[in-house]
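Colleague: I need the structure of the sequence given here:
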Amino acid sequence: MTASRAPAEPAVREFESTVERIDGREVVLAETYFYAESGGQPADRGTLGGVLVDDVFERDGEVVHILAEDPAAGTAGDVEPGDTVTGVVDDDFRTYCARAHTASHVLYGAARRTCEDLGYAGFDISPEKVRVDLTTAEPLDDADLVELERLSNRAVWDSRSVSWEVLPEAEARDRDGIAFNTKTEEGAMSGGESVRVVTVEDWDVAACGGTHVENTAEIGQITALDRSNPGEGVTRVEFAVGPTAVDRGAAIHAAALESAAAADTNVDDLPEEVRRLRGEVDRLDSALRDARSDLLRARLAEFPTIEVDGVAWAIGSLADADPNDLREPATALLESDPAVDALAAVGSGSAPFVVAAAAPDADADAGAVVEAATDEFGGGGGGGPTFAQGGGLDADPDEVVAWLRDR
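Modeller: Numbers count the residues shown, from 1 in each chain. Purely as a prediction, here's the structure:
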């Protein structure tokens, strides 16, 4: 039975150990400082006997190292059980994982101070970002995300010590406020009835088997990237540490400065200016919609009328019109012009359409007219007695207009 010493001694980057077993590319050592993938933290990278390590995982109580090539044929030469080999852990990747894993504890500690009914639902480290899934009474919003980022970076600035210890399971479970559930237990059980507990000074305490830095100041900048809701009651928070965090923070700052310059204001006043501009855009959009509706109503009013079965129909064609924009002007025209009982408009262009509208008290059925037109010229559509539309007509618009007038 072997266990990785990486969680207990994360600063070790090079070590010697005895080979206990070899099976093809699989190597088991008497002792190892390679971290085996567990609990959302990826396996360490590095070399063993000069051969690249592809993966490290635990199986049946053993830490198994998967080499990039058969060690007997690799640059390490002949390797046999009983031989002593040198393991070298990739310093950059181990440092990143230790910082990222500790940052997840710091963020959870920040969530303790902002969220109600907080729980832990998952964790993952990738090369570009870290994911923490939280269960909360209410979904987190953008303001919550910003506050989590602010509190986390404050905890980094405060240089809080980070420590770990192995405790009897019963004692660990009795410790007040410890994050301890099926998600956090993976990798934390030290064998038997012991639990590995990681504590961020006056900030967070959790059962955890990962590698960590010894002080929050070693984490560096934490930058919130995104939030989402992958399941009911779960908020996923994604953040970055290291170069990704620095680059993202710089990009956000640059975007804020550029936006402020474009809006002729400063960054501090940018939110208020954006709200003002958004209101102005909404007002102009509304005015434009009203003007377009008035224009379409005027164009519909120019249609020549014809009596069909005692109903006064206004029938004509429109260019540069969308069928979805015709309901309001058609209704307005029928309400204001007593000489028109119903109307039919054919859209001219690459995709001819037909729209029909009828006054509620008229002896006309707009849906029936559209159905007849699509039966005659192809396409499809639908609607009710007072408004209907159809598209995909395979005919010249003038031909459709003539057919509607001759019904």
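
Colleague: tell me where the stretch 201-350 of the chain has strands.
Modeller: 204-207, 222-231, 234-241, 305-308, 311-319, 342-348 (DSSP state E, counting those that start in this stretch).

Colleague: just the helices in the stretch 1-150 of the chain please.
Modeller: 91-112, 142-157 (DSSP state H, counting those that start in this stretch).

Colleague: now those helices in a markdown table, with mean pLDDT, mean neighbour count and distance to residue 280?
Modeller: Backbone N, C-alpha and C define where each C-beta goes, glycine included. A markdown table is the format used below for the helices of the stretch 1-150 of the chain (pLDDT from 0 to 100; neighbours: other Cβ atoms under 10 Å; distance: least, Cβ to Cβ, whole Å):
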| stretch | mean pLDDT | mean neighbour count | distance to residue 280 |
| --- | --- | --- | --- |
| helix 91-112 | 97 | 23 | 37 |
| helix 142-157 | 96 | 18 | 23 |
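
Colleague: need the ones you listed in a markdown table (columns: distance to residue 298).
Modeller: As requested, these are arranged in a markdown table below (distance: least, Cβ to Cβ, whole Å):
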| stretch | distance to residue 298 |
| --- | --- |
| helix 91-112 | 59 |
| helix 142-157 | 44 |
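
Colleague: test my guess that residue 19 contacts residue 29.
Modeller: Yes - between residue 19 and residue 29 there is a contact under Cβ atoms under 8 Å: 6.2 Å.

Colleague: which neighbours do those two share?
Modeller: residue 85 (Cβ atoms under 8 Å, 6 or more residues apart in numbering).

Colleague: quick one: contacts for the nearest residue to residue 396 once chain neighbours are set aside?
Modeller: If the residues on either side of it in the chain are set aside, residue 396 comes closest to residue 352, at 7.7 Å by Cβ to Cβ, 6 or more residues apart in numbering. By Cβ under 8 Å, 6+ apart, the contact set of residue 352 is 346, 377, 391, 393, 395-397, 400.

Colleague: mind listing which of those are in strands?
Modeller: 346, 391 (DSSP state E).

Colleague: ok, the contacts of residue 352 vs residue 90, which is closest?
Modeller: residue 391 (60.1 Å; Cβ to Cβ).

Colleague: can you pull up the most central residue in the protein?
Modeller: In the chain, the residue lying closest to the centroid (Cα atoms, centre = their mean) is residue 228, at 5.2 Å.

Colleague: surely residue 259 touches residue 270?
Modeller: Yes - when contacts are counted by Cβ under 8 Å, residue 259 is listed as touching residue 270 (6.1 Å).

Colleague: so where's the longest helix in this protein?
Modeller: helix 270-301 (DSSP state H).

Colleague: for that helix, packing partners?
Modeller: Packing partners of helix 270-301 (3 or more Cβ pairs under 8 Å, 6 or more residues apart in numbering; DSSP states H and E): helix 243-262, strand 311-319, helix 327-336.

Colleague: hmm, try it at 10 Å
Modeller: The contact analysis (3 or more Cβ pairs under 10 Å, 6 or more residues apart in numbering; DSSP states H and E) places helix 270-301 against helix 243-262, strand 311-319, helix 327-336, strand 342-348.

Colleague: so where is the stretch 301-407 of the chain shaky, pLDDT-wise?
Modeller: In the predicted model of the stretch 301-407 of the chain, no residue satisfies pLDDT under 70.

Colleague: at 80 instead, please
Modeller: The stretch 301-407 of the chain contains residues with pLDDT under 80 at 349-351, 407.

Colleague: tally of neighbours for residue 86?
Modeller: Counted with other Cβ atoms under 10 Å, the neighbours of residue 86 add up to 13.

Colleague: now the terminal residues of stretch 205-215, how far apart.
Modeller: 14 Å (Cα to Cα, to the nearest Å).

Colleague: for the record, mean pLDDT for it?
Modeller: Averaging pLDDT along stretch 205-215 yields 95.

Colleague: list the buried residues in it.
Modeller: 205-213, 215 (16 or more other Cβ atoms under 10 Å).

Colleague: same question for stretch 166-175.
Modeller: For stretch 166-175, by 16+ other Cβ under 10 Å, it's 167, 169, 172.

Colleague: now stretch 300-315
Modeller: Under 16+ other Cβ under 10 Å, the buried positions of stretch 300-315 are 300, 303, 305, 308, 311-315.

Colleague: check stretch 368-380 too.
Modeller: Applying 16+ other Cβ under 10 Å to stretch 368-380 flags 369-374, 376-377, 379 as buried.

Colleague: can you give me the distance of the residue nearest to the centre of the chain to residue 141?
Modeller: To residue 141, residue 228 is 12 Å away according to Cβ to Cβ, to the nearest Å.

Colleague: follow-up on the earlier one: more neighbours: which of residue 259 and residue 270?
Modeller: More neighbours surround residue 270 than the other of residue 259 and residue 270, with 17 against 14 (other Cβ under 10 Å).

Colleague: pretty sure that one contacts residue 263?
Modeller: Yes - Residue 270 sits in contact with residue 263 when judged by Cβ atoms under 10 Å, with a separation of 6.5 Å.

Colleague: before we move on, back to that, which neighbours do residue 228 and residue 141 have in common?
Modeller: residue 235 (Cβ atoms under 10 Å, 6 or more residues apart in numbering).

Colleague: re earlier: any chance of the buried residues of stretch 300-315 in JSON lines, with distance to residue 199 too?
Modeller: Formatted as JSON lines, those follow (distance: Cβ to Cβ, whole Å):
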{"residue": "300", "distance to residue 199": "74"}
{"residue": "303", "distance to residue 199": "79"}
{"residue": "305", "distance to residue 199": "84"}
{"residue": "308", "distance to residue 199": "85"}
{"residue": "311", "distance to residue 199": "83"}
{"residue": "312", "distance to residue 199": "84"}
{"residue": "313", "distance to residue 199": "81"}
{"residue": "314", "distance to residue 199": "80"}
{"residue": "315", "distance to residue 199": "81"}
